[in-house]
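>>> Coordinates for the following, if possible.
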Amino acid sequence: MSGWPDDWILPDWPAPIAVKACVTTRLGGMSQAPFDSFNLGDHVGDAPEAVAANRRRLQQALGCQPAWMSQIHSATVVEASPQACPTSDASWTGTRGVGCAVLTADCLPVLFCDLAGTRVAAAHAGWRGLAAGMLEATVAAMHTPGTQLMAWLGPAIGPASFEVGAEVREAFVSRHAAAVEAFSPSRNAGRYMADIYQLARIRLAACGVSAVFGGGFCTLKDPCFYSYRRSARTGRFASLIWLD
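Numbers count the residues shown, from 1 in each chain. Next comes the predicted model:
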């Protein structure tokens, strides 16, 4: 991976050699405060020319064509296309050189590949999308048994930072009883601390995906990442996966 910025994150998982993936950080781009500096989101109020320059730099570094989406916290999955920007929250591809890309700033990015190294996918899983079945929809769209897939959980808000209301807890526990273990009482009455990584693992396990890696990040605490909870006016970093 020579030539890539040293601060970009490479997933630590046993993916097939044809599968490439990375996560950008907020460092090393053209955007000015409060989007400084490698903002890739074109919907947050940043200067369009800065976002365009950052996206060009990304594509040059990766050697693939990122397929962007207009994300709305849905459970919609599409086939990735660099020529389109569909309203969806996950994409998949079996075409080499096309990068499935999701933009986040506290929500959970989940990268998928099959064990044969012939299909990849990326999903944007904030709690709303996660509760709505985003990961299940992505697995279904890959047309591959869950036992033949692996997933990597990218940087999201950590369990010590993610406070939610009782309605969020109920949305998960009503679907999977095991989800109760992903919530602990907050110091604030009627509120809970949620572990979005554990919630994702429960959902993936229900789809037969047991080879799950990653997690352990906290976008709110780590200034290398954008965080909506830290600052509502902020940029977005990207998690991407493609076939080389």
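>>> So the most centrally placed residue in the chain: helix, strand or coil?
Nearest to the mean C-alpha position of the chain, by Cα atoms, centre = their mean, lies Pro109 at 1.2 Å. Under the three-state scheme (DSSP: H, G, I helix; E, B strand; the rest coil), Pro109 adopts strand.
>>> Show the pLDDT at Met1.
Met1 is assigned a pLDDT of 45 by the prediction.
>>> got it, and Val110?
Note for Val110: predicted pLDDT of 98.
>>> measure it to Met30 for me?
Distance, Val110 to Met30, by Cβ to Cβ, to the nearest Å: 28 Å. The way it works is simple: take the backbone N, C-alpha and C, and place the C-beta from them, glycine included.
>>> of the two, who's got more company?
Val110 (30 against 19; other Cβ atoms under 10 Å).
>>> any weak-confidence spans in this protein?
Scanning the chain for pLDDT under 70 picks out 1-3.
>>> in the sheet, who's paired with the residue nearest to the centre of the chain?
Applying DSSP bridges to Pro109 gives these bridge partners: His124.
>>> what's it in contact with, if anything?
23, 102, 122-125, 153-156, 239 (Cβ atoms under 8 Å, 6 or more residues apart in numbering).
>>> ok, 6 Å please
102, 154, 239 (Cβ atoms under 6 Å, 6 or more residues apart in numbering).
>>> Among those residues, which one lies nearest to Ser74?
Ranked by distance to Ser74 (Cβ to Cβ), the contacts of Pro109 are led by Val102 at 12.4 Å.
>>> quick one: the closest residue to that closest one other than its chain neighbours from Ser88, how far?
With sequence-adjacent residues excluded and distances taken as Cβ to Cβ, 6 or more residues apart in numbering, Val102 is closest to His124, at 4.2 Å. Distance, His124 to Ser88, using Cβ to Cβ: 9 Å.
>>> Tell me which strands the host helix or strand of Val78 pairs with, and in which orientation.
If you go by DSSP states H and E, Val78 is part of strand 77-79. Here strand 77-79 has these sheet partners by DSSP bridges: strand 90-93 (parallel).
>>> As PDB, could you dump the C-alpha coordinates of the partner strand?
Written as PDB, here are the backbone C-alpha positions of strand 90-93 (Å, rounded to 0.1, in the frame of the first residue of the first chain):
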ATOM      1  CA  ALA A  90     -25.300   0.400   0.900                       C
ATOM      2  CA  SER A  91     -23.800  -0.800  -2.400                       C
ATOM      3  CA  TRP A  92     -22.200  -4.000  -3.700                       C
ATOM      4  CA  THR A  93     -20.200  -4.900  -6.700                       C
END
